[in-house]
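Enquirer: sequence-free structure coming up:
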């Protein structure tokens, strides 16, 4: 029943705040919830609670670095989500939770235009061409644009629509590479990158040929 309620809450949420007991470590239940957030393609903020009990004898910077290393290792698939280390008991840094959530919302408003999006992706294709299949065919990018879904009205999460020669040639590993390149060129902490790869014949993107006049 708890799992069902969690899943419904994630689907309804504009922003998922994943609270983790840092002193106790990241549990299997934490990973399951994080996976649900990823599958629902939701904006996310990770809150590392009980920071006051996490290696209290060490220096502050070392504690933060260790906490980040732990969350990035255990929740590597949710790498787009920023985190806040705080203590609900002492109130230390709890104000940063709302500040970070507001920053995620503001950052989501900066949706790349069509020109910028195509430059980012074309540069990525030129820098590291996609692998060829066993028939020496490889995916070719013709054009890219963004599409917005109404369910992301509060915090926009655009779908990056890629028109290619054959969507079946797009490998998961190459899509992950494109995700990393897009994030590097257009950082949007807390916002997932969603691709929709669609097949289109090249002729649909070529301008009509001029007729000879004589």
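Expert: Alright, I've got the coordinates. Since the structure is predicted, the reported quantities are computational estimates derived from the model, not experimental observations. Residues are numbered from 1 along each chain as shown.

Enquirer: show me the helices in this structure, by range?
Expert: 2-12, 28-39, 60-74, 95-108, 114-127, 172-185 (DSSP state H).

Enquirer: okay, buried residues for the shortest one please.
Expert: Just to be clear, that refers to helix 2-12. By 16 or more other CB atoms under 10 Å, the buried positions in helix 2-12 come out as residue 10. C-beta here means a position set from N, CA and C on the backbone, and glycine is covered the same way.

Enquirer: off-centre distance for that helix?
Expert: 20 Å (CA atoms, centre = their mean, to the nearest Å).

Enquirer: ok, now the fourth one?
Expert: Computed by CA atoms, centre = their mean, the chain-centroid distance of helix 95-108 equals 16 Å.

Enquirer: contacting residues around it?
Expert: Residues outside helix 95-108 that contact it (CB atoms under 8 Å, 6 or more residues apart in numbering): 15, 17, 43, 45, 47, 82, 84, 86, 154-157, 187-191.

Enquirer: run the last query once more with 6 Å
Expert: With contacts defined as CB atoms under 6 Å, 6 or more residues apart in numbering, helix 95-108 is touched by 15, 43, 45, 47, 84, 155, 156, 188, 190, 191.

Enquirer: now swap in the last one and tell me
Expert: Taking contacts as CB under 6 Å, 6+ apart, the residues outside helix 172-185 that touch it are 120, 124, 130, 193, 195.

Enquirer: now do the fifth one
Expert: When contacts are taken as CB under 6 Å, 6+ apart, the neighbours of helix 114-127 outside the stretch itself are 141, 144, 145, 178, 181, 182, 185.

Enquirer: among those, which one lies nearest to residue 34?
Expert: Distance to residue 34 across those (CB to CB) is lowest for residue 182, with 21.3 Å.

Enquirer: determine the number of other residues adjacent to residue 178.
Expert: 23 (other CB atoms under 10 Å).

Enquirer: cool, thanks, signing off.
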